[in-house]
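K.L.:
Build me a model from this:
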Amino acid sequence: MLGQPNSPLTALDGLTLAPRQDSPIWQQIYNHILGRIESGELSPGEQLPGENHMAARLGVTRVTLRCALQQLQKEGHLTARKGVGIFVRSPPAVFSIRDGRSFRENIDTHSRSIATITRLLARDQADQTSAHMLGVAAGSAIIRLRRVRLLGEQPIYVNDKYFPAHRFPDFEDAYGERQSVSDVFRAHGIDTFRRAETRISGGFASPEEAEILQLTPGTPVFRVNARNTDRAKATIEWTRGCWPLTSVEFVFGAS
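P.N.:
As a prediction, the model looks like this:
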């Protein structure tokens, strides 16, 4: 595997730089690594060696090497995990926008494991924005839940969810060890719910989002703004979430 002591420079095997060629040095590095990715010689999820190793191996500056790596990241061939390293991008998860389904039921991870980390579960007061989205008065009691989803060991989604507190007096107990919002709904008599609205926009990771998702600040991301309603069309959940751009493919109208 790339980055292991017995094969630390696999990404560069077979690369001989030719400074007098028409293409710049960084372009030659880019072409070589891209070719190995497209041929399958570098597998999805594999880690590249560190920049220092690769620059030393090629006899180039880190600035030159970084030009190639950053271009591959921009095009979605590589993904950087802050403090961890650079990896060949895995196939994106497929998230279907469907009514009445849990997150796990809506996501296709290509057989990779999905895990949940709850970072915050607290009762608070609604500000103007959350009050408007939930259809309650400003200052009303709400519940805020922040979670991070991991695909394998890689964080791929962070979201903040807001709920009207009066609808879920036993939220914390129902949420429990399973960390399931669907369990909370069922425990409070909501056996089905509808995705009333989903808005998806593009942006760039803020420093806070980048830290949580192990990205470089400014990495392209999808932002999701969604509301779920009960049978009576009352809003029971408002979600704001952030996905790295290359980590997910959205599918609408799935059965």
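
K.L.:
quick one: the closest residue to residue 79 other than its chain neighbours and residue 159, what's the gap?
P.N.:
Of all residues not flanking residue 79 in the chain, residue 89 sits nearest, at 4.8 Å (C-beta to C-beta, 6 or more residues apart in numbering). C-betas here are computed from N, CA, C, even on glycine. Distance of residue 89 to residue 159, computed by C-beta to C-beta, to the nearest Å: 22 Å.

K.L.:
cool, residue 118 as well?
P.N.:
When residue 118 is compared with residue 159 (using C-beta to C-beta), they lie 11 Å apart.

K.L.:
Give me the common contacts of these two.
P.N.:
146-147 (C-beta atoms under 8 Å, 6 or more residues apart in numbering).

K.L.:
the more surrounded of those two?
P.N.:
The neighbour comparison of residue 118 against residue 159 (other C-beta atoms under 10 Å) goes to residue 159, with 18 against 11.

K.L.:
Run through the bridge partners of the more buried one.
P.N.:
According to DSSP bridges, residue 147, residue 241 are recorded as the beta-bridge partners of residue 159.

K.L.:
Verify the stated contact: it with residue 147.
P.N.:
Yes. With contacts counted by C-beta atoms under 8 Å, residue 159 reaches residue 147, the gap being 6.0 Å.

K.L.:
Can you name the residues that contact the closest residue to residue 135 other than its chain neighbours?
P.N.:
When the adjacent residues along the chain are set aside, residue 135 lies closest to residue 235, with 5.0 Å between them (C-beta to C-beta, 6+ apart). By C-beta under 8 Å, 6+ apart, residue 235 lies in contact with 133-135, 164, 196, 227-229.

K.L.:
Including pLDDT, secondary structure and distance to residue 108, could those residues go into TSV?
P.N.:
Putting the contacts of residue 235 into TSV (pLDDT from 0 to 100; DSSP: H, G, I helix; E, B strand; the rest coil; distance: C-beta to C-beta, whole Å) gives the following:
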residue	pLDDT	secondary structure	distance to residue 108
133	98	helix	28
134	98	helix	30
135	97	coil	32
164	98	strand	31
196	93	strand	23
227	97	strand	23
228	96	strand	21
229	97	strand	25
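
K.L.:
Please identify which of those residues is nearest to residue 141.
P.N.:
In terms of C-beta to C-beta, no member of the contacts of residue 235 lies closer to residue 141 than residue 164, at 7.9 Å.

K.L.:
So which residues of the stretch 51-200 of the chain form strands?
P.N.:
Per DSSP state E, counting those that start in this stretch, the stretch 51-200 of the chain has strands spanning 78-81, 85-88, 93-97, 107-108, 114-125, 141-151, 154-164, 194-204. These are given in chain order.

K.L.:
Residues in a beta bridge with residue 88, which ones?
P.N.:
According to DSSP bridges, residue 78 are recorded as the beta-bridge partners of residue 88.

K.L.:
number of nearby residues for it?
P.N.:
Each residue near residue 88 was counted by other C-beta under 10 Å, and the total is 20.

K.L.:
Ends of stretch 228-236, what's the gap?
P.N.:
With C-alpha to C-alpha, to the nearest Å as the measure, stretch 228-236 spans 6 Å from end to end.

K.L.:
count of residues packed around residue 66?
P.N.:
Other residues near residue 66 number 17, with proximity taken as other C-beta under 10 Å.

K.L.:
Nearest residue to it in space, please, no chain neighbours.
P.N.:
residue 51 (6.8 Å).

K.L.:
quick one: that neighbour and residue 63 touch, right?
P.N.:
No. The pair formed by residue 51 and residue 63 falls short of the contact definition of C-beta under 8 Å, at 10.1 Å.

K.L.:
okay, now the domains of the protein?
P.N.:
The record's domain split for the chain, according to automatic domain parsing, is 10-88, 93-252.

K.L.:
weakest of these in terms of mean pLDDT?
P.N.:
Considering the domains of the chain one by one, the lowest average pLDDT is found for domain 10-88, at a mean of 84.

K.L.:
Right, I'll leave it there.
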